[in-house]
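1. 3D, please:
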Amino acid sequence: MDEFNSTKPIYLQLADRINRLIVSKELKAGEKLQSVRDMALSYNVNPNTIQRAYSELEREGILETRRGQGTFVTEHEDRLIQLRGNLKEEQILTFVQVMQEMGYSSYEIISGLQDHLNKMDKGDA
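-> You can find the predicted model right below:
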């Protein structure tokens with residue numbers, strides 16, 4: 001597994017990873033997640049850290065805990081659509097901020113991104 005960043009709490013980094021797995025459909029709506037203990041072993045972290053990540057995502061409506069069955073990705077499609085949009089906005093905001101800090105104009109950012117996407121479509125990137 002990847003290393004954790006020291007500037008953000010591990011439980012939030014784990015929650016972000018789970019969100020990305022959901023958005024990329026590696027984890028599907030209604031799918032059961034690993035148990036807290038198994039996930040802790042997978043990521044080599046304390047089970048309390050996993051529980052905190054699961055609790056945070058449950059509070060946000062992304063995960064649902066079913067007593068005696070485990071933790072599952074929500075089946076509420078509207079919540080998953082909202083998650084996808086939120087993650088897209090976060091990534092765009094970060095990208096644009098970094099590019100602007102380096103002195104790129106909005107035009108340069110858009111044209112550079114369009115050029116990159118065109119290359120990807122052609123298989124050149």
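
2. and the strands in this structure, which stretches?
-> Shown for the chain, the strands assigned by DSSP state E span residues 63-66, 70-73.

3. just name the most buried of the ones you listed.
-> Mean neighbour count (mean count of other Cβ atoms under 10 Å) peaks for strand 70-73 among those, with a mean of 18. C-beta: built from backbone N, CA, C; applies to glycine.

4. measure Tyr104 to Val45 for me?
-> 38 Å (Cβ to Cβ, to the nearest Å).

5. now do Glu90
-> 23 Å.

6. of the two, which one has the most company?
-> The residue with more neighbours, out of Glu90 and Val45, is Val45; 18 against 12, by other Cβ atoms under 10 Å.

7. residues contacting the more buried one?
-> Counting by Cβ atoms under 8 Å, 6 or more residues apart in numbering, Val45 makes contact with Ile10, Leu14.

8. residue contacts, the nearest residue to Ser35 once chain neighbours are set aside?
-> If you skip the residues right next to it in sequence, Ser35 has Gly70 as its closest partner in space, 6.5 Å away by Cβ to Cβ, 6 or more residues apart in numbering. Residues in contact with Gly70 (Cβ under 8 Å, 6+ apart) are Lys32, Leu33, Ser35.

9. do you know the pLDDT at Gly70?
-> Here, the pLDDT recorded for Gly70 equals 95.

10. how near is it to Leu14?
-> Remark: distance between Gly70 and Leu14 (Cβ to Cβ) = 17 Å.

11. show me the shaky parts of the protein.
-> 1-2, 125 (pLDDT under 70).

12. one more pass at 80, please.
-> 1-2, 124-125 (pLDDT under 80).

13. how far away is the residue nearest the centre of it from Met120?
-> Residue closest to the mean C-alpha point of the chain, counted by Cα atoms, centre = their mean, is Arg20 at 2.9 Å. To Met120, Arg20 is 19 Å away according to Cβ to Cβ.

14. again, but for Tyr107
-> As for Tyr107, its distance to Met120 is 20 Å (criterion: Cβ to Cβ).
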